[in-house]
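Peer 1: make a model of this:
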Amino acid sequence: MDMLWSGWGDPAKAAPLPDSVTGLLRDLLGVKPRDTAAHALDEISVPEPLPGPALDALADAVGGAEHVRADPETRIRHTRGKSTPDLLRLRAGDAGDAPGAVVLPSTHDEVLAVLRVCAEHGLAVVPFGGGTSVVGGLAPERSAFVALDLRRMNAMLGIDPVSRTATLQPGLRAPDAEALLAEYGFTLGHFPQSYEWATIGGFAAARSSGQASAGYGRFDEMVLGLTLATPEGTLDTGRAPRSAAGPDLRQLILGSEGAFGVITSVTVRIRPLPRTRVYEGWRFASFEEGATALRRLAQDGPRPTVLRLSDETETFVGLAQPDAIGSAEAPAAAGCTAIAGYEGTEEETARRREEAAAVLRAAGGTYLGAEPGDRWAHGRYSAPYLRDALLDAGAFAETLETATFWSRVPELYAAVRAALTETLTAAGTPPLVMCHISHVYENGASLYFTVVSAQGEDAVAHWVPAKEAANEAVLSAGGTISHHHGVGTDHRDWYLREAGPLGVEALRAVKRRLDPDGLLNPGILLPVD
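Peer 2: The predicted model follows:
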């Protein structure tokens, strides 16, 4: 099944906002229904496809014309990603930067062959997995390009139960990977909000982090080996779980967002399937108090598998439990809601829950029982659908995230909130700014912000300066420009400042060696030379 072209995910799972929520948006933010009905897909025009000789050469590279698609619908479905500006532009009928063709290889060698053809014809190449980028990672600065859809590369190439590793192809979607591993009694344990649609290759290319990262780690921590297809040949990495044989080239590929090559296989660490999963809720009087409690668990243990904390605004609105928004079950009490989850054997889970509960109570937490945790687990992938419903109702909704050291969390939290609030209020669309701690580490944490406002006359024009102001606030307050969404084009200018001039030149040197003609995702991660 393809994802909804004008929104997120499975159209059957989309639902309108409850009347109570539309009323709240009207009273709180001045949101008004707008005539924003999306164009029908067949009403959207796209540029001319690639010329016949290029299409023929690409078909030869991937084993037949049926694996090269140049029809308007397929190209529209591969236009940009799933950020709110991406969707608003597409809903308005703007597909002017659609790819000239969509190519579907099935092997590493076919990917190399496609890269050779694209070099011969001067075509850029954008690797395409689940299409879930929200930072402009699928919008190259090149008019003639090919979307390299990796969906046919969706197999588990091997599993080593003794070493607890598995080798997966890049187009394998996360639910399918979990199903394949479960047949052998294992799990990857990687469950980001994009889980239902994102792919293994995308996780690696963007340094993804899942909602259970406190227990399983980030995706880049799970990766033991990678194979990369480049215009200059093949790069294989990962002969052992750890090595002192020079710098780790895996880390060069992880987070490279298709700018250095096309990831064609990933070897990952796997874990035994947990026998039990338990999620529960806790209440803290303030965000500061809750953050202190999370820090104590992250630093001194026991660390739950899932650990997250919503601020007062997010708790009040009910976004900590997206499927409860507007219902009688939505939380109404003051304070902040934390979710703690535990996975493992029954004995291990019981022990960690008891020990963690003692820490949380000592830090001021009030136990809310299993209901908030169960609701979060049930609705953990529903927030993107909620975003689409907000757009349909005339509201603007977008997210951004960052991370910093624990000592800087309060300053970063305040700075980003202020930047968003002041900029959007000045534009005449005062926002509701919500935040949660989404990932914790011994030394710091990630902050994930959700912004809702009226769309105004031009929602994208209102958002761009607000996003830029937030980016400036992130760097000024000591945060990283992205914790797990990636760089793309949206964060690129700030990433260059974060990396520094010498770091950028080192990355440019790598780019020139692996991709001398600048064909791979031009403008993503690094500016076009």
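Peer 1: burial count for the nearest residue to residue 286 once chain neighbours are set aside?
Peer 2: Distances taken as Cβ to Cβ, 6 or more residues apart in numbering place residue 336 nearest to residue 286, at 6.5 Å, with adjacent residues excluded. Bear in mind the C-beta positions are built from the backbone N, C-alpha and C, glycine included. Residue 336 has 27 neighbouring residues, counting by other Cβ atoms under 10 Å.
Peer 1: give me the beta-bridge partners of residue 336?
Peer 2: residue 284 (DSSP bridges).
Peer 1: how much space between it and residue 300?
Peer 2: As judged by Cβ to Cβ, to the nearest Å, residue 336 and residue 300 stand 21 Å apart.
Peer 1: ok, now which ones touch residue 499?
Peer 2: Each residue near residue 499 by Cβ atoms under 8 Å, 6 or more residues apart in numbering is listed here: residue 507.
Peer 1: got it, and residue 282?
Peer 2: When contacts are counted by Cβ under 8 Å, 6+ apart, residue 282 touches 290, 293, 337, 338, 339, 340, 360, 365, 366, 367, 368.
Peer 1: filter these down to the buried ones.
Peer 2: Buried members of the contacts of residue 282, counted by 16 or more other Cβ atoms under 10 Å: 290, 293, 337, 338, 339, 340, 360, 365, 368.
Peer 1: and the furthest pair within those residues?
Peer 2: 293 and 368 (13.7 Å; Cβ to Cβ).
Peer 1: SS state for residue 81?
Peer 2: coil (DSSP: H, G, I helix; E, B strand; the rest coil).
Peer 1: how close does it get to residue 8?
Peer 2: Relative to residue 8, and taking Cβ to Cβ, residue 81 is found at 11 Å.
Peer 1: when these two are compared, which one has more neighbours?
Peer 2: Set residue 81 next to residue 8 and count neighbours by other Cβ under 10 Å: residue 8 wins out with 24 against 21.
Peer 1: for the more buried one, which non-adjacent residue is spatially closest?
Peer 2: residue 384 (3.8 Å).
Peer 1: so residue 436 touches residue 313, yeah?
Peer 2: No - with contact defined as Cβ atoms under 8 Å, residue 436 and residue 313 do not form a contacting pair (10.0 Å).
Peer 1: more neighbours: which of those two?
Peer 2: The neighbour comparison of residue 436 against residue 313 (other Cβ under 10 Å) goes to residue 436, with 25 against 17.
Peer 1: tell me the bridge partners for that one.
Peer 2: residue 310, residue 448.
Peer 1: you'd agree residue 441 is up against residue 294?
Peer 2: No - using Cβ under 8 Å, residue 441 is not in contact with residue 294; the gap is 10.4 Å.
Peer 1: neighbour count for the two, which is higher?
Peer 2: Using other Cβ under 10 Å as the criterion, residue 441 and residue 294 rank with residue 294 on top: 28 against 18.
Peer 1: quick one: mean pLDDT for the one helix or strand that one maps to?
Peer 2: Applying DSSP states H and E as the criterion places residue 294 in helix 287-300. Mean pLDDT, helix 287-300: 98.
Peer 1: can you tell me what sits against it?
Peer 2: Residues from elsewhere that reach helix 287-300, judged by Cβ under 8 Å, 6+ apart: 214, 282, 284, 303-304, 307, 309, 311-312, 336, 338, 356, 359-360, 363-365, 406, 409-410, 413, 435, 437, 440-442, 445.
Peer 1: could you dump it to PDB, C-alpha only?
Peer 2: Extracted C-alpha coordinates of helix 287-300, given in PDB (Å, rounded to 0.1, in the frame of the first residue of the first chain):
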ATOM      1  CA  PHE A 287       8.200  20.300  33.900                       C
ATOM      2  CA  GLU A 288      11.300  21.100  35.800                       C
ATOM      3  CA  GLU A 289      10.400  18.600  38.600                       C
ATOM      4  CA  GLY A 290       9.600  15.900  36.000                       C
ATOM      5  CA  ALA A 291      12.900  16.500  34.100                       C
ATOM      6  CA  THR A 292      14.800  16.100  37.300                       C
ATOM      7  CA  ALA A 293      13.200  12.800  37.900                       C
ATOM      8  CA  LEU A 294      13.900  11.600  34.400                       C
ATOM      9  CA  ARG A 295      17.600  12.700  34.700                       C
ATOM     10  CA  ARG A 296      17.900  10.600  37.900                       C
ATOM     11  CA  LEU A 297      16.700   7.500  36.200                       C
ATOM     12  CA  ALA A 298      18.800   8.200  33.100                       C
ATOM     13  CA  GLN A 299      22.000   8.700  35.100                       C
ATOM     14  CA  ASP A 300      21.700   6.300  38.000                       C
END
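Peer 1: how about the helices in the stretch 201-350 of the chain?
Peer 2: Counting by DSSP state H, counting those that start in this stretch, the stretch 201-350 of the chain has these helices, from start to end: 213-216, 219-222, 249-253, 287-300, 312-317, 346-362.
Peer 1: how about those in JSON lines, adding distance to residue 186?
Peer 2: Conversion of the helices of the stretch 201-350 of the chain to JSON lines gives the following (distance: least, Cβ to Cβ, whole Å):
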{"stretch": "helix 213-216", "distance to residue 186": "12"}
{"stretch": "helix 219-222", "distance to residue 186": "12"}
{"stretch": "helix 249-253", "distance to residue 186": "21"}
{"stretch": "helix 287-300", "distance to residue 186": "26"}
{"stretch": "helix 312-317", "distance to residue 186": "34"}
{"stretch": "helix 346-362", "distance to residue 186": "17"}
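Peer 1: most tightly packed of the ones you listed?
Peer 2: helix 213-216 (a mean of 22; mean count of other Cβ atoms under 10 Å).
Peer 1: helices or strands next to that helix in the packing?
Peer 2: strand 306-310, strand 432-440 (3 or more Cβ pairs under 8 Å, 6 or more residues apart in numbering; DSSP states H and E).
Peer 1: out of those strands, indicate the one that is most buried.
Peer 2: For the helices and strands packed on helix 213-216, average neighbour numbers computed from mean count of other Cβ under 10 Å are highest in strand 306-310, which has a mean of 27.
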